[in-house]
Each structure stands twice: as structure tokens, then as C-alpha cells.
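Peer 1: Predicted structure and sequence below. I'll ask about it afterward.
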Amino acid sequence: AVQGVCRACHAQCAPATACSGPAPTQCVQCATFRDIASGACVSNCPSLTYLDAAASACRTCHVECRTGCSGAGPTACLRNTALPVLNSTYFGCAHVVDITGGVVTCLGECAV
């Protein structure tokens, strides 16, 4: 109730669950996923986040991922295949890329 008036929960709140107000950040439980960064219930994970299915939550990609990610860590950055050159931007890295043993890892700076 807001000022003594009952209002419906946001559409992103799970049906038949409580909320503390009409915003998607005020759901006790989400119908689909909760964006951890904003606290809001969402139907799809925002850009630069990935779905943690076990927690039904959208988690922020590693800081070195530029174009998105498929999971946690600097080895899960999405590639930008529209680029013709195999460089850090192609591999979705914000700074530099290390390709060792066939594993692509985005790094803040080159290892010495």
C-alpha cells in the first residue's frame, strides 16, 4: 500500500508475490531475472551482463569485456566478429588480449 492505497506490483514481479511498491526494484521475487547491478527485475539481461541461471540473476561482465560476455571472468568476453582484424577489439577486450594455448583472455595490460 502506498499512502493507504493498494497498488499492483510491477509486471516483472513474480505472480502472487509481495512487493514494497510499483517499481521493478521493489519486487520480493522476480518473474524471470534480477539484474544484480540495479536490483531491478528484468525479462532479459542488459548489455554487459550475463545470465547466472542457477541464481536467476544477471551479473556484470568482467571489467575487461567490451562487447558483452557469456559468463564470469576475462575468458568469457564475446567476440566482435564484424571486425576483419584479429586484435583486442575483435576478441571483445577493452585493453589487450592474451592468446595462450588457444585460450583467449582479456587483460588490463600485457603480462611481463
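Peer 2: Arrived safely, thanks for sending. Owing to the predicted nature of the structure, the values given are computational and were not obtained by experimental measurement. Numbers count the residues shown, from 1 in each chain.
Peer 1: Now do stretch 36-53: everything it contacts.
Peer 2: For stretch 36-53, the external contacting residues (CB atoms under 8 Å, 6 or more residues apart in numbering) are 10, 12-13, 23-25, 27, 30-35, 57-61, 65, 68-72, 76. C-beta: built from backbone N, CA, C; applies to glycine.
Peer 1: Let's see which of these end up in helices.
Peer 2: Judged by DSSP state H, helices contain none of the contacts of stretch 36-53.
Peer 1: and those residues, which of them are in strands?
Peer 2: Secondary structure assignment (DSSP state E) places 33-35, 57-60 from the contacts of stretch 36-53 within strands.
Peer 1: if we can go back for a sec, let's see the ChimeraX selection covering just the buried ones among the contacts of stretch 36-53.
Peer 2: Under the burial definition 16 or more other CB atoms under 10 Å, those of the contacts of stretch 36-53 that qualify are selected in ChimeraX by:
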select :10,12,13,24,27,30,31,33,34,35,57,58,59,60,61,65,68,69,76
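Peer 1: residue nearest the centroid of this protein?
Peer 2: Thr49 (1.5 Å; CA atoms, centre = their mean).
Peer 1: For it, name its beta-bridge partners.
Peer 2: Thr60 (DSSP bridges).
Peer 1: Any regions of the protein where pLDDT drops low?
Peer 2: Applying pLDDT under 70 to the chain picks out residues 1-3, 80-92, 94-97, 99-104, 107-112.
Peer 1: Swap in 80 and give it another go.
Peer 2: For the chain, the stretches flagged by pLDDT under 80 are 1-6, 79-112.
Peer 1: I appreciate the help and will end here.
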